[in-house]
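Chemist: Based on what follows, work out the 3D shape:
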Amino acid sequence: MKAKSIKGRSPGEIQTALEQSVADGFKPTLAIVFLSVKQDYKAVCRVLNNAGIAVFGATTNGEFIDEETETGSVVMLLLDMNPACFTIMFDEYPDKNYREKTRAVAKKSLERFANPAFLISCSNTETDAEELLLGFEDVIGKQVNVYGGAAGDDYTFSEQFVFTNSRESKTGMVVLVLDEDKIKIKGRATCGWNAVGTERTVTKSTGNHVFTVDDIPVLDLTAKYGGIQNVSPDNKNLMLEIASTLPLQMQREKGDPVMRPGLLIDWSDHSFYCSGSVPQGSKVRFSLPPDFDVMDKVIKGIENLKATEMPEADALVVFSCAGRILSFGPMMNMEIEGIKKVWNVPMAGMFSNAELGRATGGNLEMHNLTTCCVAIKEK
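Modeler: Modelled structure (predicted):
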């Protein structure tokens with residue numbers, strides 16, 4: 001399977017880049033598209049529709065195809081994958097029946113492929129992405145390969161979109177289903193954030209809605225820990241500060257801890273929504289500010305994936321948390337460059353609101369402040 005990655009700052013630039021990419025006879029059938037909400041994604045889809053290319057798309061908090069990160073742009077990974085080896089599914093969940101929806105996708109996938117694997121992106125900050133993952137597990141089993149990320153919106157935390165050739169949704173999911181008998185896909189989610197302080201107990205929560213920790217409203221406890229002075233709706237940067245620098249780490253009996261920062265505040269009781277479930281009774285700790293060691297852990301995790309599970313790859317898709325680039329700034333390029341060098345194949349990536357995949361030694365879970373790297377190869 002051949003792959004190429006392209007980028008542009010308008011549908012016209014994407015049209016030109018696409019024409020240049022096929023000039024040598026390359027015939028892409030699939031485009032994995034990441035773009036800013038400022039871009040006209042419908043116009044970008046028209047360009048791809050006219051070329052007969054299937055679209056898996058999501059809006060982002062930033063994009064990249066190499067170590068240079070972009071904002072306000074369009075990037076995409078083009079693949080000449082055999083159309084018999086994949087299909088794209090799309091659905092919405094206005095009733096928040098996340099698990100039911102992915103169960104339906106998984107059952108439909110089994111009608112086409114004996115061993116399906118999935119790449120998924122979802123929209124809406126209230127979405128419990130962990131429930132989406134559990135739906136796949138219910139039907140396929142614990143061993144199912146599912147990777148992906150939650151769509152972004154240039155850090156406005158207002159409206160995110162997922163889309164395909166003819167549909168889009170701000171409360172839905174787009175799913176690329178692969179025939180794993182023909183296409184090998186492996187991924188690794190690595191965070192690297194170090195925890196600090198004693199374990200605390202989540203004393204009241206429902207799904208991904210956390211009310212209290214140690215019987216204290218979670219927002220108040222987070223603000224006290226972080227020394228935040230202006231804890232009010234007037235502080236427009238508060239949610240961004242909490243999500244990127246003051247995340248909770250939910251401890252696990254098996255595997256690495258998973259990050260659970262707040263993404264949406266309920267001011268009526270100072271609770272907040274996370275993008276993954278935080279069961280009542282969970283043990284959590286706060287996090288230390290990140291340093292270079294965090295990036296090293298990610299790159300070493302990807303190197304281990306290559307050494308143990310995926311010696312070769314045709315293409316790479318990366319979902320990196322939006323909070324990472326806020327924390328690292330220009331240094332984020334070092335992490336992306338390190339990932340790129342592992343296989344040195346065409347790549348496309350986005351800065352996401354949540355990441356979906358397996359942590360080292362752990363289960364399939366929703367992550368935050370994490371980099372999920374997904375390698376794809378035709379068998």
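Chemist: Give the other helices and strands that the lengthiest helix in the chain contacts.
Modeler: Ordering each helix of the chain by length in residues (DSSP state H) puts helix 292-308 first. Contact here means 3 or more Cβ pairs under 8 Å, 6 or more residues apart in numbering; DSSP states H and E; on that basis helix 292-308 packs against strand 183-190, helix 332-343, strand 371-378. Heads up, the C-betas are built off the backbone N, CA and C, glycines and all.
Chemist: Output the ones you listed as TSV; include the columns distance to residue 207.
Modeler: Listed next are the helices and strands packed on helix 292-308 as TSV, based on distance: least, Cβ to Cβ, whole Å:
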stretch	distance to residue 207
strand 183-190	21
helix 332-343	31
strand 371-378	22
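Chemist: These: which one's closest to residue 8?
Modeler: Nearest to residue 8, of all the helices and strands packed on helix 292-308, is helix 332-343, at 18.8 Å by Cβ to Cβ.
Chemist: State the mean pLDDT of whichever helix or strand comes after that closest one.
Modeler: Later in the chain than helix 332-343, the nearest helix or strand by DSSP states H and E is strand 347-352. In this model, strand 347-352 has a mean pLDDT of 96.
Chemist: Residues in contact with strand 347-352: which ones?
Modeler: With contacts defined as Cβ atoms under 8 Å, 6 or more residues apart in numbering, strand 347-352 is touched by 5, 32, 34, 58, 60-66, 69, 75-77, 121, 149-152, 315-322, 324-325, 336, 339-340.
Chemist: and the residues you listed, which of them are in helices?
Modeler: Per DSSP H, these map to helices at 322, 324-325, 336, 339-340.
Chemist: Make JSON lines out of these and add neighbour count, pLDDT and distance to residue 173.
Modeler: Converted to JSON lines, those look like this (neighbours: other Cβ atoms under 10 Å; pLDDT from 0 to 100; distance: Cβ to Cβ, whole Å):
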{"residue": "322", "neighbour count": "27", "pLDDT": "85", "distance to residue 173": "19"}
{"residue": "324", "neighbour count": "29", "pLDDT": "82", "distance to residue 173": "23"}
{"residue": "325", "neighbour count": "23", "pLDDT": "81", "distance to residue 173": "24"}
{"residue": "336", "neighbour count": "25", "pLDDT": "93", "distance to residue 173": "26"}
{"residue": "339", "neighbour count": "23", "pLDDT": "94", "distance to residue 173": "25"}
{"residue": "340", "neighbour count": "20", "pLDDT": "94", "distance to residue 173": "28"}
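Chemist: And residue 134, which helix or strand is it part of?
Modeler: helix 129-140.
Chemist: I would like the residues contacting that helix, please.
Modeler: Residues outside helix 129-140 that contact it (Cβ under 8 Å, 6+ apart): 98-107, 110, 116, 118, 120, 122, 144, 146, 150, 173, 207-208, 275-277, 354, 356, 364-366.
Chemist: What subset of these is buried?
Modeler: Neighbour counting with 16 or more other Cβ atoms under 10 Å marks 98-99, 101-103, 105-106, 116, 118, 120, 122, 144, 146, 150, 173, 207-208, 275-277, 354, 356, 364-366 as buried within the contacts of helix 129-140.
Chemist: now, which of those residues lie within strands?
Modeler: 116, 118, 120, 122, 146, 150, 173, 354, 356, 364-366 (DSSP state E).
Chemist: tell me the two of these that are most distant?
Modeler: Spatially, the most separated pair among these is 116 and 354, at 22.1 Å (Cβ to Cβ).
Chemist: Go through the helix holding residue 134 and flag the buried ones.
Modeler: Buried-residue list, helix 129-140, by 16+ other Cβ under 10 Å: 129-137, 139-140.
Chemist: Is residue 379 in contact with residue 183, as I believe?
Modeler: Yes. Taking contacts as Cβ atoms under 8 Å, residue 379 lies within contact range of residue 183: 6.8 Å.
Chemist: Who has more neighbours out of these two?
Modeler: residue 183 (20 against 10; other Cβ atoms under 10 Å).
Chemist: which residues sit in contact with the residue lying closest to the more buried one once chain neighbours are set aside?
Modeler: Leaving aside its chain neighbours, residue 183 sits nearest to residue 85 (5.3 Å; criterion: Cβ to Cβ, 6 or more residues apart in numbering). Residue 85 makes contact with 178-179, 182-183, 378, according to Cβ under 8 Å, 6+ apart.
Chemist: Give the bridge partners for residue 351, please.
Modeler: residue 320 (DSSP bridges).
Chemist: Could you do residue 33 as well?
Modeler: residue 57, residue 76.
Chemist: Tell me the spacing between it and residue 23.
Modeler: 20 Å (Cβ to Cβ, to the nearest Å).
Chemist: Between the two, which is the more surrounded one?
Modeler: The neighbour comparison of residue 33 against residue 23 (other Cβ under 10 Å) goes to residue 33, with 28 against 8.
Chemist: Now do the SS call for the residue lying closest to residue 22 once chain neighbours are set aside.
Modeler: Nearest residue to residue 22, sequence neighbours excluded (Cβ to Cβ, 6+ apart): residue 28, at 7.1 Å. Following DSSP: H, G, I helix; E, B strand; the rest coil, we place residue 28 in the coil state.
Chemist: so which of the helices and strands packed on helix 292-308 comes closest to residue 282?
Modeler: Closest to residue 282 of the helices and strands packed on helix 292-308 is strand 183-190 (Cβ to Cβ; 18.7 Å).
Chemist: Since that was my last question, I'll sign off now.
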